[in-house]
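> what's the 3D shape of this:
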Amino acid sequence: MCGIVGYIGKRDVAPLLLEGLQRLEYRGYDSAGIAIHGRSGGLKTAKAKGRVRELESRLPKRFAGTTGIAHTRWATHGAPNDVNAHPHMDTDSTVAVVHNGIIDNAAELRAKLTADGVAFASETDTEVLAHLIGRSQAETLEEKVRQALRLIEGTYGIAVLHAGFPDRIVVARNGSPVVLGIGEHEMFVSSDVAALVSHTRQVVTLDDGEMATLKADDYRTYTTEGSRTAASPTTVEWEAESYDMAGHDTYMHKEISEQADAVDRVLRGRIDDRFSTVHLGGLNLDAREARAVRRVKILGCGSAYHAGQIGAQMIEELARIPADAEPASEFRYRNAVVDPDTLYIATSQSGETYDTLAAVQELKRKGARVLGVVNVVGSAIARETDGGVYVHAGPEVCVVSTKCFTNTAVAFALLALHLGRIRDLSVADGKRIIAGLRRLPEQIAEILRGEEEIKKLAASYADAKSMMFVGRVRGYPVAREASLKLKEVSYVHAEAYPASELKHGPLALIEPAVPTVAVVPDDDLLEKNRATLEEIKARSGRILAVAHQEQEKADHTIVVPKNEVELDPILMGIPLQLLAYHSALALGRDIDKPRNLAKSVTVE
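Residues are numbered from 1 along each chain as shown. Here you go, the predicted structure:
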């Protein structure tokens, strides 16, 4: 969940590393640090608790070099402070290591090293790795790192400097992303292409169990056992400008506002009017195999899980295949029965979410067919799965997901339509869904044009200490995602329940101080939802409804445009993103970097 960046070449390294850290700060922002090969020899470091700007203010004036590594941290082992900030060094300050991941056997290794007389400076698991590399008697830096990694259990993406090898950076990956950037007589490394695209769009993504040596003029990749690997650069599709705020005050606001264009991208080139279906060439699932599917299981975490819930409902409705969604973090531990007739789908914005990736690997080990629905081309989940759908949302920098959640839900609509037309969905229904998909971008733009009214509503509800979110069937995943958004970005406590479950316990919480946000689509459950509003109103609860028409029992209604009933959840979540955003703004929160959270969760 931390950010790693490194450079070797001819340019002054400190400004490049600081720029890269600022690009990666959404991955972790508890502390930051830099290590460089000094011009006069040896390693120099600077570290600071807090944001990258704190580190920048502390850099010595004479902090020059052309090779270095840097890190922005999301704390796992040890409190956020200067000492626990990366890079970590060995006793003699000859080795510097930055690390993303968790070393599971760190306590055991630490005890052995301490017994051998090693004095630890920090509370981190990463420092263990620095000492192991520093104590190795191997002749090359590559072998020193390799020997250390053989003792490590857990996940890592690392970059290593050594005072005795000033011409190279050695990196390695196991469960946490490492990307090489190929420049002209210079090389970069990062945990995310965001730090690279302003300098190069030619990248190499390491696989698990793979290492690399970077020199100014070349690179080579190999396994942790020493065998050479053939890694060819690919071109990143995103431009550097994609990571700019483009005049918005926050990335979250920018990304909410981009959703009409983002949805247009995920649809572009995929609709097949001739057969009233869609082209999803990356599925690697032919018609015979699709018809043999007896169940669909969708796995994801956080917003991806909620998008999967929406997707499961659309697959059941359009393809008439039993489908459900489950948190990947739970699935991988419950010894689930893996059915050969079940199609498993892993969804993740980054394509690197560790819990989801581990679930994919377990499923593959057991012979399951697994598809991916991800945003990042070439990500770990994209490479591990048998096929899938890219959601083409573009870079998402804000920690909380908005446009990627929406595009993921649209991607599931495409998949549901594809499976449905292979099975029993009629041509007429296929045309109906396609027409609905085509209406989405303009309807999203219409919702966004009503932002000022939503901003006023957010101000009137921002004083609530707790909020309830309710919805039935199609509306329930929308309520869950909206509840999560409010918690993540405003820190207001929120709970989501199926509207029908309100009377089975949660109704006890209803009072004027606990407003309810009700998702009320104009479908066959409209009257049931209105009955829920009656129950809340009878107990003096305040109600904000998101609906296709004004709701008499609600104190306020956000009216959204109507689409096909299967696609309505995609639209009904968007005003609730704005509600969370403006609630957080009214409360003075750090919107793009909420406390305790990071964007890409690459640890357990």
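> alpha carbons only for contacts and neighbour counts from here, please
Fine.
> which residues of the stretch 301-450 of the chain fall in helices?
Taking DSSP state H, counting those that start in this stretch as the criterion, the stretch 301-450 of the chain contains helices spanning 303-319, 328-331, 354-365, 380-384, 403-422, 427-448.
> which residues sit in contact with S190?
3-6, 178-181, 196 (Cα atoms under 8 Å, 6 or more residues apart in numbering).
> quick one: the closest residue to A138 other than its chain neighbours from G164, how far?
The shortest distance from A138 to any non-neighbouring residue, by Cα to Cα, 6 or more residues apart in numbering, is to K144 (5.4 Å). For K144, the distance to G164 equals 12 Å [Cα to Cα, to the nearest Å].
> likewise L486?
50 Å.
> where do the helices sit along the stretch 151-300 of the chain?
Using DSSP H, counting those that start in this stretch, helices in the stretch 151-300 of the chain cover 251-257, 259-267, 287-292.
> and the second one, average pLDDT?
Yep, that's helix 259-267 we're talking about. The pLDDT scores in helix 259-267 average 97.
> and for the shortest one?
Mean pLDDT, taken over the full extent of helix 287-292, equals 95.
> which residues does that helix contact?
With contact meaning Cα under 8 Å, 6+ apart, helix 287-292 is reached by 341, 419, 422-423.
> turn the buried ones among the residues you listed into a named ChimeraX selection, would you?
Of the contacts of helix 287-292, the buried ones go into a single ChimeraX selection, burial set by 16 or more other Cα atoms under 10 Å:
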select :419,422,423
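> of all the contacts of helix 287-292, which comes closest to L567?
L419 (15.9 Å; Cα to Cα).
> so A106 touches D125, yeah?
Yes: in this structure A106 lies within contact range of D125 using Cα atoms under 8 Å: 5.3 Å.
> the contacts of S190 in strands, which ones?
Those of those mapping onto strands are 3-6, 179-181, per DSSP state E.
> span of stretch 284-299 from start to end?
19 Å.
> same question but for stretch 356-374, I mixed them up
11 Å.
> cool, and stretch 377-395?
End-to-end span of stretch 377-395 (Cα to Cα): 11 Å.
> just stretch 354-373 next, same as before
15 Å.
> avg pLDDT for that stretch?
The pLDDT scores in stretch 354-373 average 95.
> run through who's touching that stretch.
175-176, 283, 299-301, 328-329, 331-332, 338-340, 342-348, 351, 380-382, 384-391, 408, 411, 601-604.
> restricted to buried residues, select those in ChimeraX.
In ChimeraX, this line selects whichever of those come out buried by 16+ other Cα under 10 Å:
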select :175,176,283,299,300,301,328,329,331,332,342,343,344,345,346,347,348,351,380,381,382,384,385,386,387,388,389,390,391,408,411,601,602,603
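> now intersect the contacts of stretch 354-373 with the strands, please.
Checked against DSSP E, these include these in strands: 299-300, 342-348, 387-390.
> out of the residues you listed, flag the one nearest to T235.
Closest to T235, out of all of those and judged by Cα to Cα, is Y390, at 15.9 Å.
> which stretches of the stretch 101-250 of the chain have low pLDDT?
The model of the stretch 101-250 of the chain has no residue with pLDDT under 70.
> show me where the stretch 51-200 of the chain has strands.
Using DSSP state E, counting those that start in this stretch, the strands found in the stretch 51-200 of the chain span residues 67-73, 88-89, 95-100, 156-162, 169-174, 179-182, 187-190.
> go ahead and confirm F412 touches M314.
Yes: at 7.5 Å, F412 counts as touching M314 under the criterion of Cα under 8 Å.
> pLDDT score assigned to T557?
For T557, the pLDDT comes out at 97.
> and for the one 4 residues further on?
Looking at P561, its pLDDT is 98.
> same check on E604?
63.
> before we move on, what about A518?
We have a pLDDT of 97 for A518.
> what bridges to it?
V470, A545 (DSSP bridges).
> that older thread, would you list the helices of the stretch 151-300 of the chain in JSON lines and tack on distance to A518 and mean neighbour count?
Below are these laid out as JSON lines (distance: least, Cα to Cα, whole Å; neighbours: other Cα atoms under 10 Å):
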{"stretch": "helix 251-257", "distance to A518": "21", "mean neighbour count": "22"}
{"stretch": "helix 259-267", "distance to A518": "23", "mean neighbour count": "21"}
{"stretch": "helix 287-292", "distance to A518": "36", "mean neighbour count": "13"}
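> how near is the nearest residue to S198 once chain neighbours are set aside to G6?
Leaving aside its sequence neighbours, S198 sits nearest to A240 (Cα to Cα, 6+ apart; 4.9 Å). According to Cα to Cα, A240 and G6 sit 18 Å apart.
> which of these two has more residues huddled nearby?
More neighbours surround G6 than the other of A240 and G6, with 34 against 17 (other Cα atoms under 10 Å).
> rewinding a little: just name the closest of the ones in strands among the contacts of S190 to A547, please.
Nearest member of the ones in strands among the contacts of S190 to A547, counting by Cα to Cα, is G3, at 40.6 Å.
> neighbours of the closest one, just the number please.
30.
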